[in-house]
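*Asks:* Any chance you can model this:
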Amino acid sequence: KGHINPALRFANCLLKLGVDVTFCTSLSVVQLIDKETIPQGLTFAPFSDGHDKGKHPNTTLQQFISDFETNGARAAAEVIASAAGTRQPFDCLVYTTVIPWAARVAHAHGIKSALLWCQPATVLNIYYYYLNEYHSLISSNNNSPNYIEWLNTQAKSSVVYVSFGTIASFQMEQLEEMAVGLKDIRRPFLWVIRDSNQAERVRKIVGLQEHGMIALVAGLRIVAFPQWSDQPTNAKMVEDVWKTGVRVRTREGDGMVEGKEIARCVEMVIENKEMKANTEKWKEVTREALKDGGSSTKNLQSFLDDL
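*Replies:* Next up is the predicted model:
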């Protein structure tokens, strides 16, 4: 949901400013959205990408992306065309980095398009310098709400949250090392694991559910375990710039992160008073930006004015 949640939040901001918004995405994604998080007044235009129950394990990521583009481009074109000539035609198509083809659809129908950048601006700068200056130098769903009840019984800021998104995956050996590390710290944790077989293996290592049922704006300290895309840059920002967390160190030779390293990092971010102070500082900075008259709201209004 790394792109869906920011898109929903952006849609909510536009709705508050009186803009009509239609959210076009696949049926499989719509099924994952918590209905309570849907902004009031938002219109949905779902389409079938050929994977209505989600990506099948036997389907390659390349094929999944290709199917999404083929069906998504057709659906977006139909939605735009259906409103053409009406009192409320579409003026702009906003898309995220995972669907660059959306800009071509907008251009083909004579409307503007805008990229909703969900990654840090630092990552955007890296792409720019790579292409223009430094190219030669840089070559399981849980439908039970029990975990909410469990979280409500824990002390404030005491739970370690573990999640690696919807695409990144690990070998079982690495998952076992993480499980050992989390068990050793003897602190409550919430770990999101999609694969039921992996979840069962982790549960056997860690113990029963009661041990562990398994960020910046929220004021949370971070243990970064970067895998791909913008994650290495995010990890560097967390550790070296914002100083709100640490990055795990891999084992020399095979790149494995040992359980004791996981435990060391978690204990460090929990006990480090400087990191705690920094998270509170950045939380307040970001909240000020989101207030009326803040830099974030001003930028959003500027975007609408340009349209």
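
*Asks:* going forward, measure contacts and count neighbours with C-alpha atoms only.
*Replies:* OK.

*Asks:* my guess is residue 93 is in a helix, correct?
*Replies:* No - under DSSP: H, G, I helix; E, B strand; the rest coil, residue 93 sits outside any helix and is assigned strand.

*Asks:* any chance you could map the strands in the stretch 101-250 of the chain?
*Replies:* For the stretch 101-250 of the chain, strands defined by DSSP state E, counting those that start in this stretch occupy the ranges 112-115, 160-162, 189-191, 222-224, 245-247.

*Asks:* list the buried ones in the third one?
*Replies:* The neighbour-count criterion (16 or more other C-alpha atoms under 10 Å) identifies 189-191 as the buried residues of strand 189-191.

*Asks:* what's next to stretch 44-59, contact-wise?
*Replies:* 22-30, 64, 67-68, 70-72, 75, 79 (C-alpha atoms under 8 Å, 6 or more residues apart in numbering).

*Asks:* And it, what's buried?
*Replies:* Result for stretch 44-59 [16+ other C-alpha under 10 Å]: buried residues 46-51.

*Asks:* from the residues you listed, which single one is nearest residue 93?
*Replies:* Nearest to residue 93 among the buried residues of stretch 44-59, counting by C-alpha to C-alpha, is residue 46 at 15.3 Å.

*Asks:* hmm, which helix or strand of the chain has the shakiest average pLDDT?
*Replies:* helix 196-206 (a mean of 64; mean pLDDT, DSSP states H and E).

*Asks:* ok so, going back, include mean pLDDT and distance to residue 149 when you put the strands of the stretch 101-250 of the chain into CSV, please.
*Replies:* Shown next, in CSV, are the strands of the stretch 101-250 of the chain (pLDDT from 0 to 100; distance: least, C-alpha to C-alpha, whole Å):
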stretch, mean pLDDT, distance to residue 149
strand 112-115, 94, 38
strand 160-162, 76, 15
strand 189-191, 74, 12
strand 222-224, 84, 24
strand 245-247, 88, 28
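
*Asks:* now these as TSV including distance to residue 174?
*Replies:* Below are these laid out as TSV (distance: least, C-alpha to C-alpha, whole Å):
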stretch	distance to residue 174
strand 112-115	35
strand 160-162	14
strand 189-191	14
strand 222-224	15
strand 245-247	16
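
*Asks:* how about these, which one is nearest residue 257?
*Replies:* Closest to residue 257 of the strands of the stretch 101-250 of the chain is strand 245-247 (C-alpha to C-alpha; 10.8 Å).

*Asks:* Strand partners (parallel or antiparallel) of the closest one?
*Replies:* Using DSSP bridges, the strands paired with strand 245-247 are strand 222-224 (parallel).
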